[in-house]
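Chemist: Predicted structure and sequence below. I'll ask about it afterward.
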Amino acid sequence: AECLSEITNTAGPVDAKEELLDECESIWKQMEECQSKLMLLGTETLLPSDAKFSLLMLQWKALTVDCRQWQARNPEIISTNPDVLLELGKEELQKVKNDLEMVLSTVRSKNKQLEEEIKSEQQWYVEQKQILEILNKIEEEANTQAEQPSTKREFNERKNKILNLKTYKKELLSALGEFLDDHFPHPEKGENTKKKNSSAESAVELITLREILESLINKLITTPHDPYVKINESFWPPYIELLLRCGVALRHPEDPQRMRLQAFHK
């Protein structure tokens, strides 16, 4: 009623305002009557179960009839006054205009965001295209160099270097083996092993320091993730202590019966 009174204030004739207010008061009176009837129905005293059930059924039927009447009823026009209808139409058009302006603002914001994303994607495309061109040039240069005789010559030079390194490696290993055999002989040939030992100790065949180092090196190369070697009875204790004191080998931090070669290559 307040909204309609504001609208009618802007209407030309005064009769339109009075007519609209009268209709609003009539509708309001009808609503008050319905409300009072509902209040009276709610304050009725409770009846026995059968009577109460029949009363509820009657109320349900009455409400069903009212519902069907309201569904079949066509909406009535509040007023037939053209001035009032004009003002109502203006208000509705203003609401539609405001909604459309909000939609337009949202669409513009979304378009701006999409334009920024498109620019970013275009920049990324240009960068990827440049990278692809550079990679294609590098591939062409590599193919061209592979076809030239100089590349074959470089390959032969590298092959010769690898063979020389393998030969040098064999020489180093041979020299190391000779050094170990001369200065660290088999434990059973040393002076310290000439003493009488128990029958259990004499049954174990000891290995040389060279063999101990070979087992450590092979273990480090074959399984670098687990380079530790189990210390068994064939390892002569003095040689083990020598390797540990000189920093050539390291014991396992949790198992003293395992050791590994020091990682000199790292």
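Modeler: Sure thing, it's come through. Numbers count the residues shown, from 1 in each chain.
Chemist: average pLDDT for the helix or strand where residue 33 lies?
Modeler: Using DSSP states H and E, residue 33 falls within helix 14-42. Mean pLDDT, taken over the full extent of helix 14-42, equals 75.
Chemist: Can you give the distance of the helix or strand following that helix from its chain's centre?
Modeler: Using DSSP H and E, the next helix or strand after helix 14-42 towards the C-terminus is helix 49-72. Distance, stretch centre to chain centre, for helix 49-72: 59 Å (Cα atoms, centre = their mean, to the nearest Å).
Chemist: Could you report the separation of residue 167 from residue 153?
Modeler: Shown here: residue 167 relative to residue 153, a distance of 21 Å by Cβ to Cβ, to the nearest Å. In this view, the C-beta of every residue, glycine as well, is placed from N, C-alpha and C.
Chemist: Let me know the angle separating the helix holding residue 33 from helix 49-72.
Modeler: Inter-element angle recorded for helix 14-42 and helix 49-72: 160 degrees (by axes from the mean of the first three to the mean of the last three Cα atoms, to 10 degrees).
Chemist: could you say what helices and strands helix 14-42 packs with?
Modeler: Of the remaining helices and strands, those touching helix 14-42 by 3 or more Cβ pairs under 8 Å, 6 or more residues apart in numbering; DSSP states H and E are helix 2-9, helix 82-147.
Chemist: Save these as JSON lines, and put in mean neighbour count, mean pLDDT and distance to residue 40 too.
Modeler: As requested, the helices and strands packed on helix 14-42 are arranged in JSON lines below (neighbours: other Cβ atoms under 10 Å; pLDDT from 0 to 100; distance: least, Cβ to Cβ, whole Å):
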{"stretch": "helix 2-9", "mean neighbour count": "14", "mean pLDDT": "45", "distance to residue 40": "29"}
{"stretch": "helix 82-147", "mean neighbour count": "11", "mean pLDDT": "88", "distance to residue 40": "35"}
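Chemist: Would you mind putting those helices into CSV with distance to residue 37 alongside?
Modeler: Converted to CSV, those look like this (distance: least, Cβ to Cβ, whole Å):
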stretch, distance to residue 37
helix 2-9, 26
helix 82-147, 31
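Chemist: right, and those helices - which one's nearest residue 59?
Modeler: Judged by Cβ to Cβ, the one of the helices and strands packed on helix 14-42 that comes nearest to residue 59 is helix 2-9, at 33.8 Å.
Chemist: and stretch 251-263, how far out from the chain's middle?
Modeler: With Cα atoms, centre = their mean as the basis, the distance from the averaged C-alpha position of stretch 251-263 to the chain average is 40 Å.
Chemist: Buried residues in it, which are they?
Modeler: The neighbour-count criterion (16 or more other Cβ atoms under 10 Å) identifies 258-262 as the buried residues of stretch 251-263.
Chemist: in what helix or strand does residue 169 lie?
Modeler: Under DSSP H and E, the secondary-structure element containing residue 169 is helix 149-183.
Chemist: need the helices for the stretch 151-266 of the chain, in chain order.
Modeler: The residue ranges that make up the helices of the stretch 151-266 of the chain, judged by DSSP state H, counting those that start in this stretch, are 199-202, 209-222, 237-245.
Chemist: Can you give me the buried ones in the helix holding residue 169?
Modeler: Judged by neighbour count (16+ other Cβ under 10 Å), helix 149-183 contains these buried residues: residue 180.
Chemist: Which neighbouring elements make contact with that helix?
Modeler: Judged by 3+ Cβ pairs under 8 Å, 6+ apart, the packing partners of helix 149-183 are helix 209-222.
Chemist: Would you mind getting the angle between the helix it packs on and helix 237-245?
Modeler: Between the axis of helix 209-222 and that of helix 237-245 there is an angle of 50 degrees, by the same axes, to 10 degrees.
Chemist: List the buried residues of helix 209-222.
Modeler: The neighbour-count check on helix 209-222 (16+ other Cβ under 10 Å) flags 209-210, 212-216, 219-220 as buried.
Chemist: Identify each buried residue in stretch 56-68, please.
Modeler: Buried-residue list, stretch 56-68, by 16+ other Cβ under 10 Å: empty.
Chemist: May I ask you to confirm that residue 251 is in contact with residue 259?
Modeler: Yes - using Cβ atoms under 8 Å as the test, residue 251 is close enough to residue 259 to be in contact (5.0 Å).
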